[in-house]
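[1] Mind folding the following:
(2 chains)
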Amino acid sequence: MKQTAGQHPNRRPYSAAVPGEAAALRPPSFLFWSAVHVLCCLVSAALGFRFSRLLFLLLFSPASHHHHLHNHHHHVHPLRQPPAAVIPFPPPPPPAVAGRVGVGRHGIRVRPWPRPDPAEVARAHEILVRLQQEQRLRYGVKDPRPVIVVTPTYARTFQALHLTGLLHSLMLVPYPLTWLVVEAGGISNETAALLAHSSLPVVHLPFHEDMPVLWNDRHRFEARMRLRALRVIRERRLDGIVVFADDSNVHTMELFDEIQKVQWMGALSVGILAHSAAPDATAKRQQRASEQETSPLPIQGPACNSSGQLIGWHTFNSLPYAKKAATFVGDGVTVLPTKLEWAGFVLNSRLLWKEAEGKPNWARDLDEVGISGEEIESPLDLLKDASFVEPLGNCGKMVLLWWLRAEARYDSKFPTRWVIDPPLEIVVPAKRTPWPDAPPDLPYQTIANEGGHVEKHVSKKVRSSRSKRSSHNKKKHETHVDTQVSEMSGAQEK
Amino acid sequence: MGSGTWILALLVLQSVFDGIYGLEQEVNHRTERISGSAGDVLEDDPVGRLKVFVYELPSKYNKKILHKDPRCLNHMFAAEIYMNRFLLSSPVRTLNPEEADWFYAPVYTTCDLTPNGLPLPFKSPRMMRSAIELISTNWPYWNRTEGADHFFVVPHDFGACFHYQEEKAIERGILHLLKRATLVQTFGQRNHVCLKDGSITIPPYAPPQKMQTHLIPPDTPRSIFVYFRGLFYDVGNDPEGGYYARGARASVWENFKNNPLFDISTDHPTTYYEDMQRAVFCLCPLGWAPWSPRLVEAVVFGCIPVVIADDIVLPFADAIPWEEIGVFVAEEDVPKLDTILTSIPIEVILRKQRLLANPSMKQAMLFPQPAQPGDAFHQILNGLARKLPHDEGVYLKPGQKILNWTAGPVGDLKPW
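    Next comes the predicted model:
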């Protein structure tokens, strides 16, 4: 019946309001019971709690089966009946007579240990996985094509952060996937170790030049690395949809469902996460002001008219960030994307093949691209005519991936393969303690810390020596503790 | 030579038939046909199988009441109003009572609402009695059969017992004058005074347009295992629990409030319909009465209904094989609900989802305006058509009287 809460808080009062409802039946026992009821009410008002349940529990609990509800005469006085023991533990005897479900107060059955059983939870998750698989078969993409992911990378501090994230995203993609990883500086053990964590088929391609430090050069360098991967696709005649996934970008799973719709070349909206890395109060205020003027998040992607046809491109407006743009890697300010990022485009790999059935003539042959020093800025340079690009994601209204560049300083060190070997011995307080052999500060940092720089240098020495001493003490203390522990354990064993 | 060509012809024919059969198999793999104990009757067309004569009662029995309170069109008891509107313009209606198989009197007994919107049933018996007195004096058809070929729509909590409290409803019993008539009601419980043999159980009214606007793409993965939103304790009327829902809802809460698989709460989210479409199982426990619009919502949104109500009779039980579509859990087994649900084999769950995805199943639960083929209106007519032809006992011999016009509580005999 009316199960939505709040619609019927006052159901019972009607019975009091209506005259003559049960006027016909007024046996003398009714008067007696109402007198008893009044007496009990007065007693419980005096005591301060309802003693009836306690009383009934004591008087009636062994014989609680007999009272129930065989015929409807009992229904006249429902509230005065002895209740089935309404105790949570253990479950009370079931009130129903065979074949007839009774009205009246029933016990609330609670099992003694109402906690979830982990085996059942695991089984439920298996069921969910299987059901979702079936849903995808039924309603999802029909005849999905394999996905080819092209990622340029190189070994640096943040590589583990970005590449692991991308790796896990790609492992969730439900379609057959081939991952082409192009590494600048040749194949390194770092990258190989990270890639070995995945179960995906990875093609690890070396690119024998080092990654440049300036961002402008870097964008062009990455384009050349991607072209290298595209040439490999062409050579091996890999089939599928090519996605340009940069290792620091963030991709949604819906992206991989959406790109299945592409015929030859598609364009997606990319959200640009370009904000400064340094926690600078003035920069934040300026940014907030500028954000209020423009849209909340800059988006690159296709622009459509009202009938859904591609008419142009939303590109990145770099004017608000002109003064704060990063020039080299790790300088702590905003990294800006190019006008149109590669990540926002997807291709059918047959577009790259030498010969393919139905290959359109508005695509340039890959062998002619990039030779004789031609600058490749975006995938649109691979085409003769850019108007045939298909807008995806509800004509660019859905943002399915985000572009982000966050890098540490180009000369920052990190433990190889993120394994700390030998284990750290010195415990150093975290706040304001400089590393003993930190590299010299970059120009902008010294300007900020002009006053305190010399003092810091002096205190550094003092603190480090103190810490060394303290660590020595700590070591002693530790050994002392160790012996204590071993003594204790020895005592226990005895 | 001749035999060779015969064999070739046979092979060709066989491959053709296999092809057709294969296609059918493929279609069946997606959605299964639903057939209950009465056979494959969900898509039957009642037109031509029966004729219904609608009595023209004075508007005080229907239009005036609706005019006084138009909220009656949206609440879960609105089936009586929409059934009347459907019959008035249906091809099944006949203006010649001599050729009618069934007679219908449109009386809106569930439209006397409190300020909160709850129907008061106290005047309903008198209203029904007054309507029957009218039709028995103005037309000869009631006295001919004492109502055995008449049907009434009584969508209230306990049907024609006309009370919201179960004890009082059982005490009153079905209105005596309706003893021989066919009742079309939402309440259904086996071995209960308020469900008589031959009644047609219908789903409660749920607004089809509102549900339509909350549909989400079907490829949204179903990630909620069990879903329920509603009361567990009716604090206003039964603060200790144990009375409301026979303690079953309270039991669900106490056992599973900490279970991560159960998304249950008393919240009122705006995304209620969307959440149901993201759930695999939707609990449909009894409340003060065993039926609820939750069943309709679960079926429309493809969530497998978990019915926790002993001896309940679900809508159109002879046309829809509810055992194969929903999961039935006895009230005493509620503490084991998680074990029960996780131990259902995956093929059974997939089959239930396929049956629920059948559009004729969803259509049979709805009362769309205007009426569409296969909807609840047509299922009611199909049910009435299946009861035809009337057997001998329906027509009374001259002078025979079965109904006692003075039976029932004294208060019911007052005029309305």
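
[2] Need the pLDDT of the closest residue to residue B:92 other than its chain neighbours.
    What sits nearest to residue B:92 in space, not counting adjacent residues and going by Cβ to Cβ, 6 or more residues apart in numbering or on different chains, is residue B:52, at 5.3 Å. C-beta coordinates here come from the backbone N, C-alpha and C atoms, glycine included. Per-residue pLDDT puts residue B:52 at 94.

[3] and residue B:52, how many neighbours does it have?
    18 (other Cβ atoms under 10 Å in any protein chain shown).

[4] What does it show for phi and psi?
    Dihedral angles of residue B:52 (phi, psi; degrees, to the nearest 10) stand at phi -120, psi 130.

[5] next one: residue B:408
    The phi/psi pair for residue B:408 (degrees, to the nearest 10) is phi 100, psi 170.

[6] From residue B:155, how far out is the closest residue to it other than its chain neighbours?
    Excluding its sequence neighbours, the residue lying closest to residue B:408 (Cβ to Cβ, 6+ apart) is residue B:176, at 4.9 Å. Distance, residue B:176 to residue B:155, by Cβ to Cβ, to the nearest Å: 20 Å.

[7] same deal with residue B:219?
    Shown here: residue B:219 relative to residue B:155, a distance of 36 Å by Cβ to Cβ.

[8] Same drill for these two, tell me which one is more crowded.
    Per other Cβ under 10 Å, whichever of residue B:219 and residue B:155 has more neighbours is residue B:155, with 25 against 14.

[9] hang on, the earlier thing: test my guess that the residue nearest to residue B:92 contacts residue B:99.
    No. Residue B:52 is not in contact with residue B:99 according to Cβ atoms under 8 Å; the separation is 10.6 Å.

[10] got the CA coordinates for stretch A:348-363 in PDB?
    What follows is stretch A:348-363, C-alpha atoms only, in PDB (Å, rounded to 0.1, in the frame of the first residue of the first chain):
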ATOM      1  CA  ASN A 348      40.600   4.500 -38.500                       C
ATOM      2  CA  SER A 349      43.900   2.700 -39.000                       C
ATOM      3  CA  ARG A 350      43.000   1.900 -42.600                       C
ATOM      4  CA  LEU A 351      43.400   5.600 -43.300                       C
ATOM      5  CA  LEU A 352      47.100   5.000 -42.800                       C
ATOM      6  CA  TRP A 353      47.500   1.900 -44.900                       C
ATOM      7  CA  LYS A 354      48.900   2.000 -48.400                       C
ATOM      8  CA  GLU A 355      45.800   0.400 -49.900                       C
ATOM      9  CA  ALA A 356      42.600  -0.100 -48.200                       C
ATOM     10  CA  GLU A 357      39.100  -0.700 -49.400                       C
ATOM     11  CA  GLY A 358      37.100   2.400 -49.400                       C
ATOM     12  CA  LYS A 359      39.900   4.600 -48.300                       C
ATOM     13  CA  PRO A 360      38.900   8.200 -48.900                       C
ATOM     14  CA  ASN A 361      40.900  10.400 -51.200                       C
ATOM     15  CA  TRP A 362      40.900  13.400 -48.800                       C
ATOM     16  CA  ALA A 363      43.600  11.700 -46.700                       C
END
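
[11] which one is the residue in the stretch 251-400 of chain A positioned nearest to chain B nearest to, not counting chain neighbours?
    Residue nearest to chain B within the stretch 251-400 of chain A (Cβ to the nearest Cβ): residue A:257, separated by 7.9 Å. Nearest non-adjacent residue to residue A:257, counting by Cβ to Cβ, 6+ apart: residue A:141, 6.0 Å away.

[12] need the contact list for residue B:312.
    B:188-190, B:286, B:290-291 (Cβ atoms under 8 Å, 6 or more residues apart in numbering or on different chains).

[13] Just the buried residues of these.
    B:188-189, B:286, B:290-291 (16 or more other Cβ atoms under 10 Å in any protein chain shown).

[14] now those residues as a markdown table including pLDDT?
    Below are the buried ones among the contacts of residue B:312 laid out as a markdown table (pLDDT from 0 to 100):
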| residue | pLDDT |
| --- | --- |
| B:188 | 93 |
| B:189 | 94 |
| B:286 | 94 |
| B:290 | 93 |
| B:291 | 94 |
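
[15] Where do the domain boundaries of chain B fall?
    Taking automatic domain parsing as the reference, chain B has its domains at B:8-39+B:207-363, B:44-205+B:370-413.

[16] Span of the first one from start to end?
    The stretch domain B:8-39+B:207-363 measures 46 Å between its terminal residues, going by Cα to Cα, to the nearest Å.

[17] how about the strands of the chain, start to end?
    In the absence of a named chain, chain A is used. Taking DSSP state E, the strands of chain A run over residues A:147-153, A:177-184, A:202-207, A:241-244, A:250-251, A:265-267, A:269-272, A:299-304, A:310-314, A:345-348, A:390-391, A:399-403.

[18] hm, I was asking about chain B
    B:52-54, B:102-104, B:150-153, B:182-185, B:200-201, B:224-229, B:262-265, B:279-285, B:304-308, B:327-328.

[19] any idea which of those is most buried?
    Greatest average neighbour count among these goes to strand B:279-285 (a mean of 25), per mean count of other Cβ atoms under 10 Å in any protein chain shown.
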